[in-house]
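Chemist: attaching a predicted model along with its sequence, questions to come.
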Amino acid sequence: METPPAPLPDLLPDFRFYLEEMDTPWVLGVIARNKDKVKQLIKKHEKNPSFAFVLELDDLLEEVNKIWGVINHLNNVVSSAKIREIHQATLRKFNDFNVFIQQHSKIYHLCQEISRSQASLTPEQKRLVVKRIEDFQLSGVDLAHEDKRKYKKISQDLAKLNKQFADNVLDETDDYFLEVGDPEGLAGLTETSIKQAKAEAERRKLGENSWAFTLHHPSFVPFMKNSKREDLRRKMYEALVTRASKGKRNNSEIIKKILDLRHRQAKLLGFKNHCVRKLKNRMAKSPATVLRFLKDLFKKSSPQAERERQKIMELKRRQVSTSQGSVPPSVPFYLWDYSYYSERLKEEKYAYNEEKIKEYFPYREVMDGLFGLINKLFHCRFEKADNPNLWHEEVEFYNLYDRKDRLIGHLYLDLFARAGKRGGAWMDEYAARKDHSLTEKQLPIAYLNTNFAPPSQGVSLLTHYDVVVLLHEMGHVLHHLLTKVDYLPFSGINGVPWDGVELPSQFLENWAWEEGGLAYLSCHYKTKEPLPRSDFQIIKKSKNYNSALNMVRQLNYALIDMNLHLEFPEKSEQPHEIVASTNRKFSLFEPLPMDRFENSFTHIFGGGYSSGYYSYKWAEVLAADAFSMFKRSGLFNRKWADAFLENILEKGGSEDFMKLYVRFRGQKPESDALLKSLAIKAK
């Protein structure tokens with residue numbers, strides 16, 4: 001195969017090449033060539049090091065990271081045997097390249113010399129060099145030779161295990177389906193769910209009178225909310241919580257190995273445990289701060305959460321009593337009941353009809369409205385552009401222009417669920433902005449991925465929850481694309497502490513709950529009439545429905561994450577025992593004996609959220625505090641929108657994130673801002 005050049009600045013990724021022609025030898029060749037280039041770069045600068053060395057090094061690292069980023073991206077959105085094979089075959093080499101850089105003593109000493117001798121560096125340049133030195137230290141550059149070897153081996157093993165964990169979850173999710181062969185099994189389900197299930201059954205080549213429901217979000221969630229068949233809800237729920245817990249795809253041993261390796265690697269670097277290492281450069285700083293933060297929110301939220309739980313359980317008791325004609329002494333309540341009776345109570349309290357409200361959120365109009373809302377807030381314009389070089393026919397491509405109509409970034413949208421695509425919603429980057437004297441200006445490029453229900457008969461209607469998710473991920477996109485930082489390590493989302501990076505995403509969600517925001521985001525898919533005020537009031541009133549229960553569930557997940565990394569392997573408990581112990585203290589619903597939630601907890605075992613799941617709540621406090629100024633001054637208040645743009649979205653990781661927030665807001669945030677926004681009344 002002819003070897004094409006590595007991706008160059010300002011070029012969009014060539015997905016046709018990556019999907020059709022890329023092979024393992026080409027990828028390994030790029031890594032090897034860049035390793036040689038790094039060695040040549042060191043020789044070039046070792047006698048007279050300057051800041052130019054740091055910039056040239058970043059450019060070389062970016063060439064490799066771009067290729068790995070695309071391979072990883074494709075493995076997430078169009079996973080196939082070929083992509084997985086390349087991903088698996090090159091994973092170790094990519095990891096080796098990173099360790100080669102992170103533990104290279106000459107690079108480390110050159111950066112130290114640059115830091116000492118360059119008095120002319122700007123504050124941003126000084127911060128970049130210091131950050132580079134800290135990264136070296138956190139990667140074991142000062143370790144003895146044998147310990148460096150151990151660190152490298154652990155990094156290789158962790159990369160392999162993380163991938164295996166995520167692949168197992170994806171395969172289990174893709175493979176499972178509940179076949180319903182009797183129309184009675186469809187009782188309570190919406191027309192949309194039934195149509196999707198019929199299409200899924202046809203895709204899987206099941207019988208003519210069959211419907212197939214899967215564990216993917218667009219299928220699973222509506223089924224659990226609406227199916228009147230408790231026996232079928234039970235099957236679906238049990239399938240969800242036992243994913244990757246049996247047979248060849250059992251993640252239990254993988255979890256133990258990951259936790260053990262993370263702990264050993266932290267100890268090698270001189271840290272007490274993985275948590276301490278991870279939190280060193282985050283806003284929270286220490287595990288004690290995180291635990292105090294989480295437990296304080298739990299203490300303030302759990303009384304109301306318990307009242308919310310009792311109301312849902314009471315509804316089941318009332319409905320069973322009505323159907324039986326008498327009040328039974330007790331009615332068992334199971335976890336597969338929660339979504340169903342929670343939705344019935346929501347309908348009862350607010351006359352909430354999700355199917356009716358969906359009619360006011362047609363996908364195309366929602367996207368157009370979202371772009372209009374963003375333009376109103378931040379004076380930037382998304383414009384759809386032709387790009388035949390995409391990884392799937394459903395993907396859309398957009399250019400982003402600033403208020404002076406200058407092109408400043410690119411966006412790929414991949415919004416619908418399909419086989420071979422990992423679940424959930426996420427934003428990722430292909431390239432970050434850079435603009436310095438050594439290279440041509442590079443524009444930032446982002447991916448926005450969700451798993452919305454695919455169009456049915458040419459129509460795609462989103463739930464209001466989908467709209468909230470879309471705004472969340474678009475907040476990440478704006479953080480990356482609107483940056484004005486010139487240097488790659490701090491550009492866009494890069495260099496932002498993990499517990500601050502969720503601020504823009506959770507901040508933007510708020511416009512989905514305000515009448516002025518929904519005026520942009522909604523219209524009837526047939527008549528184009530605006531969302532009736534009566535329906536807006538229903539959405540508004542339902543905003544904080546079960547907010548305390550939802551809070552407690554997320555706090556429990558965050559505490560599971562922290563406890564796993566704090567207690568294993570220093571204590572004798574096995575990972576599942578730690579999870580069970582945490583559940584007993586912080587979950588209001590007792591999990592099933594078979595529940596192995598942790599076996600599909602990809603955020604911390606297949607992604608980057610280890611010792612960081614708390615970040616969602618931490619940043620949610622920031623977001624609630626930030627949005628309070630818009631509630632007070634107006635949804636599109638120019639002063640506050642400009643302040644958020646200039647101090648948060650444009651700054652990336654170029655300054656201390658709390659200092660940036662205080663500069664925007666004028667004060668530090670308090671957790672009570674979040675409780676107030678969720679109408680949680682602490683007692």
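Modeler: Received the coordinates, thanks.

Chemist: and for Ser193, nearest residue in space, chain neighbours not counted?
Modeler: Here the nearest residue to Ser193 in space, its sequence neighbours aside, is Pro222; by CB to CB, 6 or more residues apart in numbering that works out to 4.6 Å. From N, CA and C alone the C-beta is placed, and that goes for glycine too.

Chemist: how far out from the middle of the chain is stretch 293-309?
Modeler: In terms of CA atoms, centre = their mean, to the nearest Å, the centre of stretch 293-309 is found 24 Å from the chain centre.

Chemist: quick one: average pLDDT of that stretch?
Modeler: Stretch 293-309 shows a mean pLDDT of 96.

Chemist: what's the spacing between Glu314 and Val38?
Modeler: Going from Glu314 to Val38 by CB to CB, to the nearest Å gives 65 Å.

Chemist: same question but for Glu567, I mixed them up
Modeler: For Glu567 relative to Val38 (CB to CB), the value is 40 Å.

Chemist: now stretch 274-290, how far from the centre of its chain.
Modeler: In terms of CA atoms, centre = their mean, the centre of stretch 274-290 is found 20 Å from the chain centre.

Chemist: show the end-to-end separation of it, please.
Modeler: 14 Å (CA to CA, to the nearest Å).

Chemist: what about the longest strand in this protein?
Modeler: The single longest strand within the chain, with elements called by DSSP state E, is strand 407-416.

Chemist: for that one, buried residues please.
Modeler: Buried residues in strand 407-416, counted by 16 or more other CB atoms under 10 Å: Ile408, Gly409, His410, Leu411, Tyr412, Leu413, Asp414, Leu415, Phe416.

Chemist: ok, then the element right after it?
Modeler: With elements assigned by DSSP states H and E, the helix or strand that comes after strand 407-416 is strand 426-431.

Chemist: next SSE after that following strand?
Modeler: In the C-terminal direction from strand 426-431 (assignment by DSSP H and E), the next one is strand 445-452.

Chemist: what mean pLDDT does that next one get?
Modeler: Strand 445-452 shows a mean pLDDT of 97.

Chemist: how close does Glu598 sit to Phe382?
Modeler: Applying CB to CB, the value for Glu598 to Phe382 is 39 Å.

Chemist: low pLDDT regions in the chain?
Modeler: Applying pLDDT under 70 to the chain picks out residues 1-10, 322-329, 683.

Chemist: spatially central residue in it, please.
Modeler: In the chain, the C-alpha nearest the mean C-alpha coordinate belongs to Trp426, at 4.3 Å (CA atoms, centre = their mean).

Chemist: output the longest helix belonging to the chain.
Modeler: Looking across the chain with DSSP state H, the single longest helix is helix 287-324.

Chemist: and the helix or strand just after that one, what's buried?
Modeler: Using DSSP H and E, the helix or strand that follows helix 287-324 in sequence is helix 335-350. By neighbour count on 16+ other CB under 10 Å, the buried set for helix 335-350 is Leu335, Trp336, Asp337, Tyr338, Ser339, Tyr340, Tyr341, Ser342, Glu343, Arg344, Leu345, Lys346.

Chemist: how far away is the closest residue to the first one other than its chain neighbours from Gly207?
Modeler: It stands for Leu335. Once flanking residues are discounted, Leu335 sits nearest to Phe589: 5.7 Å by CB to CB, 6+ apart. For Phe589, the distance to Gly207 equals 36 Å [CB to CB].

Chemist: higher neighbour count, these two?
Modeler: For the pair Phe589 and Gly207, the greater number of neighbours falls to Phe589 (17 against 9), based on other CB atoms under 10 Å.

Chemist: need phi/psi at the more buried one.
Modeler: Note on Phe589: its backbone torsions stand at phi -120, psi 130 [degrees, to the nearest 10].

Chemist: ok, it - contacts?
Modeler: By CB atoms under 8 Å, 6 or more residues apart in numbering, the contact set of Phe589 is Arg309, Leu335, Tyr338.

Chemist: next, the contact list for the nearest residue in space to the first one that is not next to it in sequence, please.
Modeler: By the measure of CB to CB, 6+ apart, the closest residue to Arg309 outside its immediate chain neighbours is Leu588, 5.2 Å from it. Contacts for Leu588 were tallied using CB under 8 Å, 6+ apart; they are Ser302, Ala305, Glu306, Arg309, Leu549, Val552.

Chemist: please, where are all the helices along the stretch 51-200 of the chain?
Modeler: Remark: helices assigned in the stretch 51-200 of the chain by DSSP state H, counting those that start in this stretch are 51-77, 81-102, 105-117, 123-138, 145-175, 191-203.

Chemist: highest mean neighbour count out of the ones you listed?
Modeler: helix 51-77 (a mean of 20; mean count of other CB atoms under 10 Å).

Chemist: so how far is Glu63 from the nearest residue to Ile255 once chain neighbours are set aside?
Modeler: Leaving out its chain neighbours, the residue that sits closest to Ile255 by CB to CB, 6+ apart is Pro575, at 5.0 Å. Pro575 sits 38 Å away from Glu63, going by CB to CB.

Chemist: same thing with Asn637?
Modeler: Taken as CB to CB, the span from Asn637 to Glu63 is 42 Å.

Chemist: got it, and Leu74?
Modeler: To Glu63, Leu74 is 18 Å away according to CB to CB.

Chemist: just the buried residues of the longest helix of the chain, please?
Modeler: 287, 290-291, 293-294, 297-298, 300-302, 304-305, 308-309, 311-313, 315-317.

Chemist: using PDB, write out every CA atom in stretch 188-198.
Modeler: Written as PDB, here are the backbone C-alpha positions of stretch 188-198 (Å, rounded to 0.1, in the frame of the first residue of the first chain):
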ATOM      1  CA  GLY A 188     -48.300   0.300  27.200                       C
ATOM      2  CA  LEU A 189     -45.500   0.900  24.700                       C
ATOM      3  CA  THR A 190     -45.500   3.900  22.400                       C
ATOM      4  CA  GLU A 191     -46.000   3.700  18.700                       C
ATOM      5  CA  THR A 192     -42.500   4.900  18.200                       C
ATOM      6  CA  SER A 193     -41.000   2.200  20.400                       C
ATOM      7  CA  ILE A 194     -43.100  -0.500  18.600                       C
ATOM      8  CA  LYS A 195     -41.900   0.700  15.100                       C
ATOM      9  CA  GLN A 196     -38.300   0.800  16.200                       C
ATOM     10  CA  ALA A 197     -38.600  -2.700  17.700                       C
ATOM     11  CA  LYS A 198     -40.200  -4.000  14.400                       C
END
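
Chemist: quick one: contacts for the residue lying closest to Ala417 once chain neighbours are set aside?
Modeler: By the measure of CB to CB, 6+ apart, the closest residue to Ala417 outside its immediate chain neighbours is Asn451, 3.9 Å from it. By CB under 8 Å, 6+ apart, the residues touching Asn451 are His216, His217, Pro218, Phe416, Ala417, Lys421, Gly423, Gly424, Ala425.

Chemist: noted, bye for now.
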